[in-house]
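Colleague: can you look at this prediction? I've put the sequence above it.
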Amino acid sequence: MDMDSASTVVLQALTQATSQDTAVLKPAEEQLRQWETQPGFYSVLLNIFNNHMLDVNVRWLAVLYFKNGIDRYWRRVAPQTATGQSALSEEEKVSLRAGLITNFNEPVNQIATQIAVLIAKVARLDCPRQWPELIPILLESVKGQDGLQQHRALLTFYHVTKTLASKRLAQDRRLFQDLASGIYSFACSLWSHHTDCFLQQIYARDDAAALSSLERTLLSLKVLRKLTVHGFQEPQQNMEVMGFLNAVFERLKLFLECCRQVGPESTCREKLEKTIILYTKVLLDFLEYHPCAFIPLIQRSLEFAVSYVFTPAGEGVTFERFIVQCMNLIKMIVKNDAYKPAKNIDDSKPESLEAHKIKTAFFTHPTLTEIGRRLVSHYFLLTEEELAMWEEDPESFAVEETGGDSWKYSLRPCTEVLFLDIFHNYSQTLTPVLLDMVQNLQGPTSVEDPVQLLMKDAVYNAVGLAAYELFDNVDFDQWFKNQLLGELQVSHHRYKLIRRRVIWLIGQWISVKFKSDLRPLLYEVILSLMQDPDLVVRIETATTLKLTVDDFEFRTEQFLPYLESIFGLLFQLLQQVTECDTKMQVLHVISCVIERVNIQIRPYVGCLVQYLPLLWKQSEEHNMLRCAILTTLIHLVQGLGAESKNLYPFLLPVIQLSTDVSQPPHVYLLEDGLELWLVTLENSPAVTPELLRIFQNMSALLELSSENLRTCFQIVNAYLYLSATEFLQNYAESLCRSFCDLLKDITNEGQVQVLKVVEIALKVSPILGAHMFQPLLPAVFRGTVDGERYPVVMSTYLGIMGRVLLQNSSFFSSLLTQMASECGQEMDHLLGSVIEMWVDRMDNITQPERRKLSALALLSLLPSDNSVIQDKFCGIINICVEALHDVMTEEPETGTFKDCMLMSHFEEPKLSDDEEPPTEQDKRKKLLALEDPVHSVSLQQFVYEKLKAQQALLGDQGFGVLMETVDTELVRQLQEFLQGL
C-alpha cells in the first residue's frame with residue numbers, strides 16, 4: 001500500500017478511535033493495535049501529527065501511539081513480529097529521527113510537550129551514537145529568532161537533557177559528562193539572556209512579553225539544573241559551575257523582590273513562584289549529590305535561608321513553598337554527615353573539619369536562640385486555616401498525615417523536623433531556651449487570651465517533639481502531677497486546644513520517662529477525656545492510649561479495672577467517626593488493646609463482634625480499612641480462643657474472600673487474610689465443613705509461590721493437627737500435586753518447609769499420610785541413599801524415613817521393593833545402603849526428637865536373622881548410644897538414668913500473668929505427643945527389649961559374636977545406660 005492510501009486508512013482509524021461511541025471506538029483501537037507491528041505505521045503517524053491542519057484530538061492520539069511504539073519496539077532487542085522481522089527497521093528509524101527534528105513549530109502546547117518527551121525517549125536509546133546530529137540541531141534552533149520555534153526547541157532540549165541525565169550506567173554517565181562540558185557555557189548564557197529579558201520586561205510592565213521570557217527562563221534553568229547536578233564528577237574544579245551556583249543567590253533575591261513588586265494578582269505570579277522554587281531545587285540537589293563541592297556555598301546558603309525565614313527580611317516576600325525549601329536547606333546542612341568531624345578529630349577528613357568550622361561560626365548562641373524561639377513562637381502556632389479545619393472537619397484535622405516524606409513539601413512537618421534536627425545538634429544551647437519558654441507559661445492560661453493559648457500549644461508541642469533530648473532536664477512525673485493534670489481538668493470549650501495538646505504530650509513522653517505507679521492515674525485521665533465533648537480531643541486520647549498500652553512498661557493488672565469502660569468508649573468512638581482513615585486509626589487502637597489484654601477481653605467484645613460485619617460491608621471500596629478490620633479480627637480470635645467459633649458465620653467468608661487470588665481485593669488483603677486463616681485454625685476447637693471448604697483456595701496460593709509460602713505451609717500443618725483424616729481424604733491429592741510442582745524449582749530452605757509438612761502428616765496419621773503422599777517418597781528415598789549434601793535437607797529426609805520405618809513398616813517394605821526394582825538392585829543390598837548412609841549422616845540431625853526417632857526406627861529392624869542387618873548391627877548400636885546420650889538424664893537422688901522425652905499425661909500448665917495461654921492447637925500437639933513413640937516409648941527400655949529379643953533369636957553364642965563387632969567403649973557405655981533393667 002502506498003503512503004497516501006496508508007495515511008487515509010490510519011487517519012480514519014484514529015478519527016474513529018477518538019469517538020465517544022464504544023461501538024465505533026473498540027474496533028478502531030483493535031485495528032490500530034494490529035498495525036503497531038506493521039512496517040511504515042510509525043512514518044504514517046509522524047506525518048499525521050506533524051500536519052497542523054488535522055483535528056487536534058486525532059493528532060494527540062497519533063503522538064501517543066508513536067510514543068507507546070518507541071517504548072515497545074525501538075530497542076535493538078525489541079519483540080519481533082509474526083514474520084520474524086522487527087516492527088521498526090533501521091532504515092525507517094533513520095527517516096523518523098530526521099522527521100522528528102525538521103521543524104519545531106507545533107502550535108498546541110500539550111502536543112508539543114508529548115513530542116518533546118517522545119524525542120527524549122528516542123534520544124535515551126540512540127543518542128549520541130545513532131543520532132549525533134540531535135544536540136547540534138537543538139542548539140541551533142534554540143538560538144533562532146522565531147519565538148515559537150525557539151520555545152519548542154528549548155522544551156525539547158530540556159526533556160532530552162533530563163532523560164540523558166537519568167541514565168545510571170557508568171558509560172552513560174561519562175557520555176553525559178562529555179555532553180555537559182561541551183554545552184555548559186551555552187546553557188549558562190542562554191539562561192542569563194532570558195533572565196535579563198524577563199527582568200527588563202517585567203519592570204517595563206510588559207506582562208505578555210515577560211511571561212513568554214519567564215517560560216524560557218524556567219526551561220533553560222531546568223536544563224542547567226540537570227547539567228550542574230549530573231554533568232560533572234568534580235564540579236568544584238569547574239569555574240563556570242561554581243559561578244552559576246553563586247549567581248543563583250543573586251537571581252533569587254531579584255526574583256523574590258520581583259514577587260513583591262508584581263503582587264499576588266499578576267499573570268506572572270504562578271510562574272515566578274515556580275522559578276523561585278526551581279532555584280532552591282538547584283541548591284538542594286547540588287547539596288545532596290555533591291556535599292563536598294557545596295562547602296564553599298554553606299555560609300552563603302545559611303545566611304540567605306536564615307535571613308528570609310527567621311528575620312524581618314522575609315516579610316511580605318516569602319511564600320509557603322519557598323519557606324519549606326529554605327528550611328530544608330538549613331536542615332540538610334545541619335544534618336549532613338559529610339559536615340561532621342569523626343569522634344576522633346585526627347580521623348576526620350579536612351573537608352569535614354572545614355564545613356564544621358563554617359557551621360560553628362554561623363550558629364552562634366544568639367543565632368540559635370533566635371531560630372529556636374522563632375520556630376516555636378511563630379511557625380509552631382496553629383494557623384487560622386488549621387483552627388477552621390478543626391471546627392469544620394475535625395477528623396481530617398486529627399489524622400493529618402505528617403509521616404514519611406511530608407516534611408519535604410508541607411510547612412508544619414517541615415518546621416517540626418527542622419526543630420528536631422537543630423535541637424538534636426545544638427541541645428546544650430537550645431534546652432535552656434525551651435525550658436525558659438515553659439517556665440513563662442506555668443499555671444492555667446486564661447480562656448479569654450487566645451494568643452497565650454496558641455503559644456502554650458506551640459511550646460508543649462516543642463517539649464513533646466524533643467522528649468528524648470530533654471530526658472535529663474525535665475522531671476516529667478512531677479510536671480504531670482503538678483501542672484498537666486490540672487490543665488486537663490479545665491473543661492471550657494476554648495481550652496480544648498490545651499486538653500488535646502497535653503494528652504498528645506503525655507503520649508510522646510510515655511516511652512521516655514513516665515513512672516509505672518502513675519499509670520492508673522493516666523487511665524483515669526484517658527477515661528475522662530474519651531468522653532470529652534470535642535472529637536479531636538477524643539481521637540488524640542485514643543492515640544495516646546495506644547502508645548500507653550503498646551509501651552514496654554505496660555502492666556495488664558493496672559489496666560484491668562478500666563478495661564470495660566475504656567473499651568466501651570473506644571467502640572463508641574469507632575461508630576462516631578465517619579472517615580475511613582479515622583476508623584482505621586481507632587481500629588488499630590482497639591487491636592492493640594485486645595492484643596495486650598488477650599483473654600481478659602472476652603466479656604467485653606460482644607458489641608464489637610456485632611458491629612464488624614456491618615463495617616466490613618460498608619468498606620467494600622476501601623481495602624486499607626478492610627486490612628485494619630482483618631488485623632482487629634486476628635487479635636480478636638487470639639483473645640477469644642476456642643470461643644472464636646461463634647464468629648465463623650462472619651469470619652470464614654472474610655477469610656474466603658481475602659485469600660481467593662481470583663478476586664481483585666486479594667492484592668491488598670492476602671497477607672492479613674492468611675494470618676487470620678492461620679490463627680482461626682490454631683484456635684478452632686473442632687473442624688467444620690465450612691472451615692474445610694476454604695482450603696480450596698490453597699492450590700492457587702501455592703502456585704503463586706510468593707513470600708507468603710511459609711504461612712501457607714503453617715496453614716496446611718494446622719489442618720493436619722485439627723483433623724488429619726478428613727483433611728487428607730479431601731485434599732491430599734491436590735496438595736501432593738502442588739508439592740511435586742513446587743519441589744521442581746525451589747530453594748533448599750523451601751524444600752525443607754515442604755518436607756516438614758509431609759513429616760507432620762506422617763506423624764499425625766502414619767498410615768493415611770504415607771498412602772496419600774506416596775508420590776513424594778521415592779525422591780526422599782533416593783536423596784537418602786545418595787547422601788543429600790545439604791545437611792538440613794538430609795535431616796528432614798531421615799525424619800520422614802524414620803516415621804515410615806517405625807510407624808508403617810509394611811509400607812516401608814513395599815517402598816523398598818519399588819526402589820530396588822527401579823535401581824535394579826537387591827532389596828537387602830539397598831537396605832544396607834540406607835542403614836549405612838543413616839549411620840554416616842546421623843550428625844546432620846540436630847533436633848533431639850529426630851535423633852531419638854532414628855534410633856527407634858533402626859532398632860525396629862531387630863530382632864532379625866538377615867545377614868545385611870547383622871552386618872550393620874554395629875552402626876545401629878552406635879546410633880542408639882548416641883541417642884541415649886541425647887535423651888537420658890541422671891536422677892540426682894537415685895543415680896539412675898531416665899528418658900527425659902517421655903510424657904505420661906496431659907496437664908494444663910500453670911501460667912504467669914505475662915504468658916499467653918495455650919491455643920487449641922497447642923493442646924492438640926500435646927495430646928498427639930502422648931501417642932507419639934518418641935514421647936511414649938522409653939528408649940532405654942526399647943534398646944533393652946530389642947537386644948534381648950536378638951539374643952533369644954541367635955542364642956547366647958551367636959549374640960556374643962554379634963556384640964564383638966561393636967567397639968568395646970560403646971559396649972561399656974551401653975551397659976551403663978542399661979544397668980538396673
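Modeller: Thanks, I have it.

Colleague: give me the pLDDT value at residue 55.
Modeller: Note on residue 55: pLDDT of 89.

Colleague: would you confirm that it contacts residue 15?
Modeller: Yes: with contacts counted by CB atoms under 8 Å, residue 55 reaches residue 15, the gap being 7.2 Å. The way it works is simple: take the backbone N, C-alpha and C, and place the C-beta from them, glycine included.

Colleague: tell me which of those two has more neighbours.
Modeller: residue 15 (16 against 12; other CB atoms under 10 Å).

Colleague: what about the helix or strand where that one lies, average pLDDT?
Modeller: In this structure, residue 15 is located in helix 3-17 according to DSSP states H and E. Helix 3-17 shows a mean pLDDT of 81.

Colleague: so which elements touch that helix?
Modeller: helix 22-35, helix 41-50, helix 56-73 (3 or more CB pairs under 8 Å, 6 or more residues apart in numbering; DSSP states H and E).

Colleague: ok, which of those comes nearest residue 748?
Modeller: The closest of those to residue 748 is helix 56-73. By CB to CB, the value is 38.8 Å.

Colleague: between the closest one and helix 41-50, how many degrees?
Modeller: Per axes from the mean of the first three to the mean of the last three CA atoms, to 10 degrees, the angle that helix 56-73 makes with helix 41-50 is 150 degrees.

Colleague: CA atoms only for helix 56-73, dumped as CSV, please.
Modeller: Extracted C-alpha coordinates of helix 56-73, given in CSV (Å, rounded to 0.1, in the frame of the first residue of the first chain):
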residue,chain,number,x,y,z
VAL,A,56,-6.2,18.2,17.4
ASN,A,57,-7.6,15.1,19.2
VAL,A,58,-6.5,12.9,16.2
ARG,A,59,-3.0,14.4,16.3
TRP,A,60,-2.8,13.9,20.1
LEU,A,61,-3.7,10.2,19.6
ALA,A,62,-1.2,9.8,16.9
VAL,A,63,1.6,11.1,19.2
LEU,A,64,0.5,8.7,22.0
TYR,A,65,0.6,5.7,19.6
PHE,A,66,4.0,6.7,18.4
LYS,A,67,5.3,7.1,22.0
ASN,A,68,4.0,3.7,23.0
GLY,A,69,5.6,2.2,19.9
ILE,A,70,9.0,3.6,21.0
ASP,A,71,8.6,2.0,24.4
ARG,A,72,7.9,-1.4,22.8
TYR,A,73,9.7,-1.6,19.5
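
Colleague: just checking, what packs against the next helix or strand after that helix?
Modeller: Counting by DSSP H and E, the next helix or strand C-terminal to helix 56-73 is helix 90-100. Using 3+ CB pairs under 8 Å, 6+ apart, the elements in contact with helix 90-100 are helix 41-50, helix 109-126.

Colleague: pick the most deeply packed of those helices.
Modeller: Mean neighbour count (mean count of other CB atoms under 10 Å) peaks for helix 41-50 among the helices and strands packed on helix 90-100, with a mean of 21.

Colleague: outline the domain layout of this protein.
Modeller: Domain ranges of the chain: 1-166, 196-362, 723-846, 879-978, per the TED database.

Colleague: mind putting those domains into JSON lines with distance to residue 516?
Modeller: Formatted as JSON lines, these follow (distance: least, CB to CB, whole Å):
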{"stretch": "domain 1-166", "distance to residue 516": "54"}
{"stretch": "domain 196-362", "distance to residue 516": "35"}
{"stretch": "domain 723-846", "distance to residue 516": "41"}
{"stretch": "domain 879-978", "distance to residue 516": "14"}
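
Colleague: residue 429 is nearest to which of those?
Modeller: That would be, of the domains of the chain and by CB to CB, domain 196-362, which comes in at 11.5 Å.

Colleague: please, where are all the strands along the stretch 151-300 of the chain?
Modeller: Taking DSSP state E, counting those that start in this stretch as the test, none of the stretch 151-300 of the chain falls into strands.

Colleague: run through it and note the low-pLDDT ranges.
Modeller: Of all residues in the stretch 151-300 of the chain, none has pLDDT under 70.

Colleague: with the chain instead?
Modeller: In the chain, residues with pLDDT under 70: 1-4, 78-85, 401-403, 705, 906-915.

Colleague: off-centre distance for the longest helix belonging to it?
Modeller: Ordering each helix of the chain by length in residues (DSSP state H) puts helix 709-744 first. Helix 709-744 has its C-alpha centroid displaced from the chain centroid by 29 Å (CA atoms, centre = their mean, to the nearest Å).

Colleague: packing partners of it?
Modeller: Packed next to helix 709-744, using 3+ CB pairs under 8 Å, 6+ apart, are helix 666-682, helix 689-693, helix 698-704, helix 748-764, helix 766-772, helix 920-931.

Colleague: among these, which is nearest residue 181?
Modeller: Each of the helices and strands packed on helix 709-744 has some distance to residue 181 by CB to CB; the shortest is helix 666-682, at 47.4 Å.

Colleague: who's in contact with the closest one?
Modeller: Outside helix 666-682, the residues within contact range by CB atoms under 8 Å, 6 or more residues apart in numbering are 623-624, 626-627, 630-631, 633-634, 637-638, 644, 651-652, 654-655, 657-661, 691, 694, 701, 708, 711-712, 714-715, 718-719, 722, 919-921.

Colleague: one step back: and the helix holding residue 15, what's buried?
Modeller: Within helix 3-17, the residues scored as buried using 16 or more other CB atoms under 10 Å are 6, 7, 10, 11, 13, 14, 15, 16, 17.

Colleague: and of those residues, the nearest to residue 114?
Modeller: Closest approach to residue 114 among these (CB to CB): residue 14, at 14.6 Å.

Colleague: tell me how far the helix or strand harbouring residue 561 is from the chain's mean position?
Modeller: Assigned by DSSP H and E, residue 561 falls within helix 556-576. With CA atoms, centre = their mean as the basis, helix 556-576 stands 31 Å off its chain's centre.

Colleague: and it, what does it pack onto?
Modeller: helix 519-529, helix 535-549, helix 580-597, helix 606-618.

Colleague: adding mean neighbour count and distance to residue 363, write these out as a markdown table.
Modeller: Below are the helices and strands packed on helix 556-576 laid out as a markdown table (neighbours: other CB atoms under 10 Å; distance: least, CB to CB, whole Å):
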| stretch | mean neighbour count | distance to residue 363 |
| --- | --- | --- |
| helix 519-529 | 18 | 38 |
| helix 535-549 | 23 | 33 |
| helix 580-597 | 22 | 38 |
| helix 606-618 | 14 | 52 |
